[in-house]
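Peer 1: Sharing a model prediction with you, sequence too.
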Amino acid sequence: MLKQFKEFAFKGNLIDMAVGFILGGAFATVVKSLVDNIIMPPLGLILGGIDFTQMKYVLQEGESTTAADGTVTETVAEVAIGYGQTISDLIAFIMLAFVVFIIIKKVIEGKKEEEEEVEETPAQEVLLGEIRDLLKK
């Protein structure tokens, strides 16, 4: 079983898949940064100065106390649903899914073109097949 696993792991499929996961994670990070730092700020400005990361629905207000020396201590944490970040993440997901769709579509088109090239029979083989058929007659 160990030998079979070594063959599988180092045959190339697993390594290619690992490289794909690593590049996919890095690409997702870049897309997330693009959405958070380049797309969302102008979109928020267009929509009236909205900061999507601060958009939330507060379920319970946080409470804090101020000591005599002026330090503020939070006694009860705020409970909120941060839907603004979810909107940002959704936009990042849609962009990433669209780019992956385009890449997969191009890969499939390339494979179809290769298959079409492979399916064409060389002229020599066609000619030899015709000669063989004539000799049979």
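Peer 2: Happy to help now that I have it.
Peer 1: mind checking how far the residue positioned nearest the centre of the chain is from residue 41?
Peer 2: For the chain, the residue lying nearest the average C-alpha position, counting by CA atoms, centre = their mean, turns out to be residue 96 (4.5 Å). Using CB to CB, to the nearest Å, residue 96 is found at 19 Å from residue 41. (Glycine included, C-beta is placed from N, CA and C.)
Peer 1: mind listing the helices for the chain?
Peer 2: Using DSSP state H, the helices of the chain run over 2-10, 13-34, 40-46, 83-119, 123-136.
Peer 1: Go through these and pick out the most buried.
Peer 2: helix 40-46 (a mean of 14; mean count of other CB atoms under 10 Å).
Peer 1: chain center to that one: distance?
Peer 2: Relative to its parent chain, helix 40-46 has a centroid offset of 23 Å by CA atoms, centre = their mean, to the nearest Å.
Peer 1: where in this protein is pLDDT low?
Peer 2: The chain contains residues with pLDDT under 70 at 9, 12-13, 116-121.
Peer 1: let's see 90
Peer 2: 1-45, 47-56, 58, 60-80, 82-137 (pLDDT under 90).
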